[in-house]
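Enquirer: Requesting a structural model of the entry that follows:
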Amino acid sequence: MNIEQIYTGCLAQGAYYIESEGEVAIIDPLRETDPYIKRAAEHHHTIKYIFETHFHADFVSGHVDLADKTGAKIIFGPGASTGYRMYEAKDQEEFVLGKIKIKVLHTPGHTPESSSFLLKDETGKEHALFSGDTLFIGDVGRPDLAIKSDLTREDLAGFLFDSLRGKIMPLPDDVIVYPAHGAGSACGKNMSTETFDTLGNQKKTNYALRADMTREEFIKEVTEGLLPPPQYFAKNAALNKFGYDSIDTVMERGVVPLDVQEFEDMVNRTGALVLDTRDQETFKEGFVPNSIFIGLDGQFASWVGTLFPDIKQPIVLISDEGKEEETVLRLARVGYDNTLGYLKGGFAAWQNAGKEIDTIANISAENLASLINDGNNTPVLDVRKPTEYQAEHVENAVNIPLNYLNDYMDQLAKDHTYYLYCLTGYRSMIMASILKARGFEQVTDVSRGFEALKQTEVPLTE
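Expert: You can find the predicted model right below:
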């Protein structure tokens, strides 16, 4: 028996490759299917099952493509209904994989169809629990992501309490918990950076598994402080439920080199969003006018999904050479399948063609501190999350979280000057580029963000 966790940091997502006697089960695969197929081929394994813990909202799973390419059976738990062929398992049903068994535990709460999968080893011992978004390390799944459901989040939180107490907590303490996500995912509130743990340790350390917690206390704690989920979550869940274009088709359509003239024509003809995925320091020194910065070295796909509501939006790319295919794939992981090509030769080709360029003004933390301390009326925008802002911020700074920028646009004036900061500069550069593209000419980014500001004499407040 072999269990391999395949963790993707930019999505904080764990998929699993489980093998026994040459038979393989994949749990919650990512959109790209080749890594699983190649791994199986290299070791002469056969992919027999694809287990889905629920209809994922934060990424598009690869289950449909993987089943088409391998003949493996897609398995959901009770209550799942899809637009493609799959097997709806019964609660407590077991599936044989080589010399081991995988048992379905229906654990509704995160969503109505959520299920966990309990692995029994060759001796029949309960060895590992693949808990999906039901139980995380340090947290549990948020109960407000069910698509087209008449259940309230309080209803689902109650179901989650029952699932944890009735199905998961009675399992042996030495069972290893393998969740679908870790820290950085928006599917929970307080996930650990650890990607697996024993159930016994979670009973001691996870707030949601306290033995003395009542159902009412659990519902209150799990639902308290939940921010609205990113808008793309419901759209990804629908794709996972009803199906999507083959990843091969998406890649073939998106990884297309465009010379400068073809690039301009494509933007003009389709109204494509121009995404620049280079490093933020490079971007601010020069970029194609009206292009949006979202650097590939951050949570790129999640920010695209959060900020651009139209999942079918045509997209063209400006990327570092050799990063084009990765960029198209990362967009496809969150359902943005309509990439139409990339600028061949990157930004250098645009410059060499003598085209107009734009820049983002920037100011050092020290100089901004001097402006503020000299009594200048300096409009500062803190673009971090509300919880970050509430912990500590520059005195008189206004909190406009990047996550919710579209909701705040009517509070900003194009003829005003704004100084933007986040923690290190990644998010503030995204916001600065969006504002510039929308006609705000007087935006200035604070270099190195709040981390640098804390080292100055700028007044801070909680």
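Enquirer: And D34, how far from T249?
Expert: According to CB to CB, to the nearest Å, D34 stands 14 Å off from T249. Using the backbone N, CA and C atoms, a C-beta is placed for each residue, glycine as well.
Enquirer: okay, now the nearest residue to L435 once chain neighbours are set aside: neighbour count?
Expert: Take L435 and drop its neighbours on the chain: the residue closest to it by CB to CB, 6 or more residues apart in numbering is V443, 4.9 Å away. Residues near V443, counting by other CB atoms under 10 Å, number 22.
Enquirer: Over to Q13?
Expert: So Q13, with other CB under 10 Å, has 25 neighbours.
Enquirer: do Q313 as well
Expert: Counted with other CB under 10 Å, Q313 comes out at 15.
Enquirer: do H44 as well
Expert: What H44 shows, counting by other CB under 10 Å, is a neighbour count of 7.
Enquirer: Would you confirm that it contacts E21?
Expert: No: if you go by CB atoms under 8 Å, H44 and E21 don't touch, sitting 11.5 Å apart.
Enquirer: how would you label F347: helix, strand or coil?
Expert: Using DSSP: H, G, I helix; E, B strand; the rest coil, the secondary structure recorded for F347 is helix.
Enquirer: just to revisit the earlier point, and the residue nearest to L435, how far is that from Y408?
Expert: 14 Å.
Enquirer: Convert the C-alpha atoms of stretch 204-218 to CSV, please.
Expert: Extracted in CSV, the C-alpha atoms of stretch 204-218 (Å, rounded to 0.1, in the frame of the first residue of the first chain):
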residue,chain,number,x,y,z
LYS,A,204,-6.8,17.9,21.3
THR,A,205,-6.0,21.0,19.2
ASN,A,206,-8.9,21.7,16.7
TYR,A,207,-11.4,24.1,18.2
ALA,A,208,-14.3,22.4,16.3
LEU,A,209,-13.6,19.0,17.9
ARG,A,210,-13.9,20.1,21.5
ALA,A,211,-15.6,17.3,23.4
ASP,A,212,-17.6,19.8,25.6
MET,A,213,-18.9,21.9,22.7
THR,A,214,-22.7,22.0,22.3
ARG,A,215,-24.3,21.9,18.9
GLU,A,216,-25.4,25.6,19.3
GLU,A,217,-21.9,26.6,20.3
PHE,A,218,-20.5,24.8,17.3
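Enquirer: Now do the buried residues in it.
Expert: Across stretch 204-218, burial judged by 16 or more other CB atoms under 10 Å covers 206, 208-209, 213, 218.
Enquirer: ok, now stretch 221-235?
Expert: 221-223, 229-233, 235.
Enquirer: which ones among those residues are found in helices?
Expert: Counted as lying in helices by DSSP state H, out of those, are 221-223, 232-233, 235.
Enquirer: Where do the domain boundaries of the chain fall?
Expert: For the chain, automatic domain parsing gives the domain ranges 2-236, 245-352, 361-461.
Enquirer: Take those domains and lay them out in TSV including mean pLDDT.
Expert: As requested, the domains of the chain are exported to TSV (pLDDT from 0 to 100):
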stretch	mean pLDDT
domain 2-236	94
domain 245-352	96
domain 361-461	95
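Enquirer: correct me, but S447 touches S364?
Expert: Yes: using CB under 8 Å, S447 is in contact with S364, at 5.3 Å.
Enquirer: Look at the two and report which has more neighbours.
Expert: Just comparing S447 and S364: by other CB under 10 Å the higher neighbour count belongs to S447, 21 against 14.
Enquirer: just to revisit the earlier point, I'd say the residue nearest to L435 and A361 touch.
Expert: Yes: V443 is within contact range of A361, at 7.1 Å (criterion: CB under 8 Å).
Enquirer: if we can go back for a sec, quick one, phi/psi of the residue nearest to L435?
Expert: Backbone torsions for V443, taken as degrees, to the nearest 10, come to phi -110, psi 140.
Enquirer: And stretch 250-266, what's buried?
Expert: Here stretch 250-266 shows 250-251, 254-256, 258, 260, 263-264, 266 as buried, counting by 16+ other CB under 10 Å.
Enquirer: what ranges do the strands span in the stretch 1-150 of the chain?
Expert: In the stretch 1-150 of the chain, the strands defined using DSSP state E, counting those that start in this stretch lie at 2-8, 13-20, 23-27, 46-51, 73-76, 87-88, 94-97, 100-106, 115-120, 126-132.
Enquirer: In PDB, could you pull the C-alpha coordinates for the last one?
Expert: Spelled out, it's strand 126-132. Presented in PDB, the C-alpha positions along strand 126-132 are these (Å, rounded to 0.1, in the frame of the first residue of the first chain):
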ATOM      1  CA  GLU A 126      -8.700   1.800   9.900                       C
ATOM      2  CA  HIS A 127      -5.500   3.600   8.700                       C
ATOM      3  CA  ALA A 128      -6.400   7.000   7.100                       C
ATOM      4  CA  LEU A 129      -9.200   9.400   6.500                       C
ATOM      5  CA  PHE A 130      -9.500  11.500   3.400                       C
ATOM      6  CA  SER A 131     -11.700  14.200   4.900                       C
ATOM      7  CA  GLY A 132     -12.100  16.500   1.900                       C
END
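Enquirer: what's the spacing between the helix or strand just after that strand and its chain's center?
Expert: Proceeding N to C from strand 126-132, the next assigned helix or strand is helix 153-163, under DSSP states H and E. Computed by CA atoms, centre = their mean, to the nearest Å, the chain-centroid distance of helix 153-163 equals 24 Å.
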